[in-house]
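>>> What follows is a predicted protein model with its sequence.
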Number of protein chains: 2
Amino acid sequence: MNFLEERIVKDGIVRSGNVLKVDSFLNHQMDVSLMEEIGREFHRRFAQKPITKVLTIEASGIGMAVFVAKEFGVPMVFAKKSKSVNIDADTYVAQVESFTHKNTNQVIVSKKFLNSEDHVLIIDDFLANGCALKGLISIVEQAGATVEGLGIVIEKGFQDGGKIIRDMGYPLESLAIVESMDAETGHISFRRQ
Amino acid sequence: MNFLEERIVKDGIVRSGNVLKVDSFLNHQMDVSLMEEIGREFHRRFAQKPITKVLTIEASGIGMAVFVAKEFGVPMVFAKKSKSVNIDADTYVAQVESFTHKNTNQVIVSKKFLNSEDHVLIIDDFLANGCALKGLISIVEQAGATVEGLGIVIEKGFQDGGKIIRDMGYPLESLAIVESMDAETGHISFRRQ
């Protein structure tokens, strides 16, 4: 097991309905040393790519994306969730369904912060059905920029998001891929990578 | 002028209605070196306090709060905005009016992550009418924890939030206090500190 899988086994809590709670270290309380280690690991995995921007989506992605951006020495941009229908012309927009909240958000990025010269590394904390990532990919492509890779902290391997993104041809790296979870025993198995 | 005031003058944009846009470096695209400098500066200002947790509110506060927490070597907790009315018993709740969005959000923190032993440094990007800070203070007090201080990146000195918080007796440090802005000339004046 790598550092993240070890931490998930130690502090993650499995709930019924395939819910994995990691709010004690990842997405409500954040262990900043772990965020730094995540930043270094994604840098190691994408070091050969000419990254100019790290892109994530609010809110919990921000805490890890800043440390990835720090390692690459580039700015971090976070997409904002917006209920507003009147988006101005200076904004890239994508529709994103939320698995957790069972609704659809518009996700927006100002055109000022992504352009056709950019080489983008997309970072997010969770990958389940892939809707958030597809929204971020759409925004990068609207900008005419290049998706150099996607870095996910925890992928739910039993949902289809990872397969969809890899089948689209994008380099996707997940630090932990959960193959199955058992809410009764608390057991978590990871995909061998 | 300090490093932040210089950056605001260089890259901030004044819009009518006392709007200061800092989205190119602070709250949409983030300059990570600046975030690190903000982290070091708040650590310097609160170094004598026995901080055990850094508390902020999603979303843009997260990008600076993680670097403050890194300097102190403590976890960062971010309060979540929630529309949900059925908050469970394991959650601290405060009501927060949004100046920007003209609505009221519930702000929640899990009871697991704040208790009466904690000494909390509250961090946020903007202070205007003080509603968000009052909500975060309320949450710390519900936990029986101690508010050791509040660190704000940009305070709008012409609104009353800063005075309200200081009159409540809390140590409040703002890296830049904007006294006035002129949307026509783009001029920004800061309070001498």
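Yep, that arrived. Numbering: from 1, shown residues only, chains lettered A, B, ... in the order given.
>>> When you work out contacts or count neighbours from here on, use the C-alpha atoms and nothing else.
Fine.
>>> Wait, A:M181 touches A:V14, no?
Yes - between A:M181 and A:V14 there is a contact under CA atoms under 8 Å: 6.7 Å.
>>> Pull up the overlap in contacts between the two.
Counting by CA atoms under 8 Å, 6 or more residues apart in numbering or on different chains, the contacts common to A:M181 and A:V14 are A:H187, A:I188.
>>> Tell me the residues of chain A that contact chain B?
Contact residues (CA under 8 Å from any CA of the partner chain) of chain A with chain B: A:24, A:28-33, A:58-60, A:62-63, A:66, A:69-70, A:73-80, A:113.
>>> Okay, the nearest residue to A:S180 once chain neighbours are set aside and A:K53: tell me how far apart.
Here the nearest residue to A:S180 in space, its sequence neighbours aside, is A:S189; by CA to CA, 6 or more residues apart in numbering or on different chains that works out to 5.4 Å. Relative to A:K53, A:S189 is positioned 33 Å away (CA to CA, to the nearest Å).
>>> higher neighbour count, the two?
Between A:S189 and A:K53, counting by other CA atoms under 10 Å in any protein chain shown, A:K53 is the more crowded of the two (23 against 14).
>>> List the backbone torsions phi and psi for that one.
The phi/psi pair for A:K53 (degrees, to the nearest 10) reads phi -150, psi 140.
>>> Please name the residues that touch the most centrally placed residue in chain A.
Centrality entry for chain A: nearest residue to the mean C-alpha point is A:D124, 1.4 Å, by CA atoms, centre = their mean. Residues near A:D124 by CA under 8 Å, 6+ apart: A:T56, A:I57, A:S60, A:G61, A:M64, A:A65, A:L133, A:G151, A:I152, A:V153.
>>> do the same with A:A145
A:L114, A:N115, A:S116, A:E117, A:D118, A:H119, A:V120.
>>> what does A:I62 give?
Residues near A:I62 by CA under 8 Å, 6+ apart: A:T56, A:F78, B:A59, B:I62, B:G63.
>>> go on, A:I57?
By CA under 8 Å, 6+ apart, the contact list for A:I57 reads A:F78, A:A79, A:K80, A:K81, A:D124, A:A132, A:L136.
>>> one more time with 7 Å, if that's ok
By CA atoms under 7 Å, 6 or more residues apart in numbering or on different chains, the residues touching A:I57 are A:F78, A:A79, A:K80.
>>> if you look at those residues, which of them are in helices?
The members of the contacts of A:I57 all map outside helices under DSSP state H.
>>> Redo those as JSON lines? Include pLDDT and neighbour count.
Output for the contacts of A:I57, formatted as JSON lines (pLDDT from 0 to 100; neighbours: other CA atoms under 10 Å in any protein chain shown):
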{"residue": "A:F78", "pLDDT": "98", "neighbour count": "30"}
{"residue": "A:A79", "pLDDT": "97", "neighbour count": "25"}
{"residue": "A:K80", "pLDDT": "94", "neighbour count": "20"}
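>>> what's the closest of the residues you listed to chain B?
A:F78 (5.7 Å; CA to the nearest CA).
>>> Alpha carbons of the longest helix along chain A, in PDB - could you do that?
When chain A is parsed with DSSP H, its longest helix is helix A:32-45. Below are the C-alpha coordinates for helix A:32-45, written out as PDB (Å, rounded to 0.1, in the frame of the first residue of the first chain):
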ATOM      1  CA  VAL A  32      -1.700  19.600   5.600                       C
ATOM      2  CA  SER A  33       1.300  17.200   5.600                       C
ATOM      3  CA  LEU A  34      -0.700  14.700   3.600                       C
ATOM      4  CA  MET A  35      -1.700  17.500   1.200                       C
ATOM      5  CA  GLU A  36       2.000  18.300   0.700                       C
ATOM      6  CA  GLU A  37       2.800  14.600   0.100                       C
ATOM      7  CA  ILE A  38       0.000  14.400  -2.400                       C
ATOM      8  CA  GLY A  39       1.400  17.500  -4.200                       C
ATOM      9  CA  ARG A  40       4.900  15.900  -4.400                       C
ATOM     10  CA  GLU A  41       3.500  12.600  -5.600                       C
ATOM     11  CA  PHE A  42       1.500  14.200  -8.500                       C
ATOM     12  CA  HIS A  43       4.500  16.300  -9.400                       C
ATOM     13  CA  ARG A  44       6.600  13.100  -9.600                       C
ATOM     14  CA  ARG A  45       4.000  11.400 -11.800                       C
END
